[in-house]
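# can't give you the sequence, but here's the structure:
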Ligand SMILES: [Fe+2]
Ligand SMILES: [Fe+2]
């Protein structure tokens, strides 16, 4: 789904400040839950999608709890949220008229989940290599969930119009996603 791969050197930069990374991650998980529930609110007539997205939001909330517990165990209060330039730029690609608005919202969510899966996997491997096994275990578990979420969003997107139109739009949004990410500096954040 993704058209670019994160450079392996990213881990070293991302993990320089663990409190900053974990705080950003906490807010990413919260926003993933909120975004899923906002789709439930906007398209509540679609019972099947609403149920799947409610379950997804429930799982994202459990991720919020896991990251919050880790921060609490370290005695680190979460930092305030700061603007996520990556997500904002991607959301700017969502078209205004239905049903394209819904299609794009689902595909953008799929790409964010796919990128989260990639980055959390890099964190899993990086923390394993540096002997931080509790962090490696957490990131391994969360990464596989984000991969499933990406697939779910793609499946829901194909139901909005057609598989072929969803695939075509996904390709164009994936190109934009790679472009946006390439223009952002590396920091102690997930994106
Ligand atoms: Fe998550
Ligand atoms: Fe997710």
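Structure received. Because the structure is predicted, anything quoted here is derived from the model rather than measured. Ligands and ions are numbered 1, 2, ... in the order given.
# Quick check: chain neighbours aside, which residue is closest to residue 189?
In this structure, residue 189 finds its nearest non-sequential neighbour in residue 24, 4.1 Å apart by CB to CB, 6 or more residues apart in numbering. Every C-beta, even on glycine, is put in place using the N, C-alpha and C of the backbone.
# Work out for me the element the one you found sits within.
helix 18-42 (DSSP states H and E).
# One more: residue 2?
Going by DSSP H and E, residue 2 is not in any helix or strand.
# Now for it, how many residues are close by?
15 (other CB atoms under 10 Å).
# Can you list phi and psi of it for me?
Geometry field for residue 2 lists phi and psi as phi -80, psi 150, criterion degrees, to the nearest 10.
# What is the subsequent helix or strand relative to the longest helix belonging to the chain?
The longest helix of the chain (DSSP state H) is helix 100-129. Later in the chain than helix 100-129, the nearest helix or strand by DSSP H and E is helix 133-160.
# Show me how far the next helix-or-strand element following that next one is from its chain's centre.
Using DSSP H and E, the helix or strand that directly follows helix 133-160 along the chain is helix 163-182. Mean C-alpha position of helix 163-182 versus that of the full chain (CA atoms, centre = their mean, to the nearest Å) differs by 15 Å.
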